[in-house]
Structure formats: structure tokens, C-alpha cells
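# the amino acid sequence is not available; the structure is as follows:
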């Protein structure tokens, strides 16, 4: 629209944060029940429908459930067309279910290797660091000393628009007691590296539910899985994955803040709509009139 409605200008960068797709080879259903492909495909259709052109689409790990080559191929086939259409860069982050060799070959077009998959992607002056917190053969997270040294060296020079760190294991507490054994270990070592840096946000996955927090004074945002989510209202000391609540996150990066908005993956019924005709009426109003517009005009007028 030609008229700025509120006090904030358009964001300088827009990111989309997706996590825990957990694809299996040949389209097999996760746990014999969860159709992982259709949920991710619906998420991409919703993003396409929105007209949003993100600078990057960040996937924070567990792309494949068993690290199978076909699983990586299918996730890539679902995301690449929209990334090419919108000009977004795809940022792939390793998870505990991923396999480093096939991850590199299938998603990064690199030679297979067992080395940690740590990468830097810069989009229009915003630095995104993909940090590999996976521990081969285990489900908890950890960072090797050489990774922390690499991160410290990378952060020694600020980026024009700051830095976002993306890793699978988020460094915040969980309300699910049984998930505490799966957390990132020795988090204080990471906090020391991040202290005083230009890191503006930390993105994570792994937990299968949306949550937020702070770590070393930095906002942490966790995206729920696209495959299934954890029910935080399940009986005490019990983990229950449910076929509902799947979502992804839209991140708007402004000069002085980041806004994280959860987008449910759903085909829910539309119960009201404020459309182009409504917006056109706002264009002709002064600021005072626009403020009162929702009181004066019904969406069906």
C-alpha cells in the first residue's frame, strides 16, 4: 500500500523459520501415521499465497528422520521452487536425526564428510550462522571447542545488520521433564562466545513446540515441527506427540528489533475477511479516519 498505516516502516529483512520436517525415504509415513510431505507442502502453499518474499528460509534441523538420501531430495524439491520464485536463500541446519554425509551431499551439493556442518550465509548485510549442535549417534546437543573458536572468530567482526545464530538444540529450559536429557550441554561455553557480539536472535528447533526465551541476553525463538508437535498439557512425566499445532515462523527484522510471528499450517475455515476493497477505503482516509476504520466499516460492507 502507498500509505504507511502505523508507526513502523517495512522491515529491512524477512525470514521464514521452519523446523523438524522429519522426512522418511520413499514418502513413508512417520510412525506409520504422519504424512510429513503434505504438511510441509501445505506450509509452502500458504507462504506462496501470502505473497511474502523472504530473504531466507531457515530450516533448523531434523530435515530427515533417519538421514536418508531420498528424504533430503524430497524436502529440497518442495522448498527450492518457492525459494527460486521469491529469491530466498535456503539455510540448512543440522539436527540430531540428520546424517552429516548425506546432509552435505543432498542439501549442500558438497562431498560427504563427518565434520560439523557450520556455515555462514549473508543476505543483504544480515549474517545468518548455521551452527551444528548435533552429536552423531545421540539426541542431545553439544558444541566442540573448535566450533566455538570458529564462531568466536566469525563474530569478531560485526555484520552490517547484525547476526542471527541458528542451531537445532535451543539453549533454553523446557517444561517437559523427559526432554531435559536432550538439551544442549555446557551452554555456558556458548554464552561466553556470544557475550558482547552482534547476535540479535537465536533460532532453534528440536522441541516440537513453539516457544521463546532469552539466552545470554539474546532472544531465542523455537519453531514447532511441521511433522507433529508435543502436547505440553499431557500427563506429568509423559511425552505425547500429536497431529496438530504444526506451524512455521515469520521473522521481520527491523533496525531496532525482530518480530517473530507464528503461522499455523492449516486449512481452517475463513470466518471473516478484510479485503482489497476495505483497504482501498483506508487509502482515502486521513490518519484519524484510518484509526477508526475498524469501528466504522464492517468487513462485509
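Alright, I've got the coordinates. None of the values given here were measured: they were computed from a predicted structure.

# who does the helix or strand hosting residue 212 pair up with?
Assigned by DSSP states H and E, residue 212 falls within strand 211-215. If you go by DSSP bridges, strand 211-215 pairs up with strand 218-222 (antiparallel).

# pull the distance from the helix or strand just after the partner strand to the chain's centre.
Downstream of strand 218-222, the first helix or strand assigned by DSSP H and E is strand 229-230. On the basis of C-alpha atoms, centre = their mean, to the nearest Å, strand 229-230 sits 16 Å off its chain's mean C-alpha point.

# quick one: mean pLDDT for strand 229-230?
Mean pLDDT, strand 229-230: 98.

# go on, stretch 62-74?
Mean predicted confidence for stretch 62-74 is 98.

# check which residues of that stretch are buried.
The neighbour-count check on stretch 62-74 (16 or more other C-beta atoms under 10 Å) flags 62-65, 67-68, 70-74 as buried. All C-beta atoms are positioned from the backbone trio N, CA, C, and that covers glycine.

# tell me which of the residues you listed fall in helices.
The helices, defined by DSSP state H, take in 70-74 from those.

# show the model's pLDDT score for the residue nearest to residue 197 when sequence neighbours are not counted.
Leaving aside its chain neighbours, residue 197 sits nearest to residue 155 (4.3 Å; criterion: C-beta to C-beta, 6 or more residues apart in numbering). Residue 155 carries a pLDDT value of 98.

# mind listing the strands for the protein?
In the chain, the segments counted as strands under DSSP state E are 13-18, 56-60, 89-93, 119-123, 126-131, 163-167, 199-204, 211-215, 218-222, 229-230, 241-242, 247-253, 258-264.

# of those, which is nearest residue 148?
Closest to residue 148 of the strands of the chain, according to C-beta to C-beta: strand 126-131, at 9.5 Å.

# quick one: residues in contact with the closest one.
Contact with strand 126-131 is made by 12-13, 15, 55-56, 58, 91-94, 117-122, 143, 147, 151, 154, 159-167, 198, 253, as judged by C-beta atoms under 8 Å, 6 or more residues apart in numbering.

# centre of the chain to it, how far?
For strand 126-131, the distance to the chain centre is 12 Å (C-alpha atoms, centre = their mean).

# what does stretch 173-189 give?
That offset, for stretch 173-189, works out to 19 Å (C-alpha atoms, centre = their mean).

# mind checking the end-to-end distance for it?
Across stretch 173-189, the terminal residues are separated by 16 Å (C-alpha to C-alpha, to the nearest Å).

# check which residues of it are buried.
For stretch 173-189, by 16+ other C-beta under 10 Å, it's 174, 176, 179, 182-184, 187.

# pLDDT weak spots in this protein?
Along the chain, the model assigns pLDDT under 70 to residues 1-5, 276, 278-301.

# that concludes my questions; thank you for your assistance.
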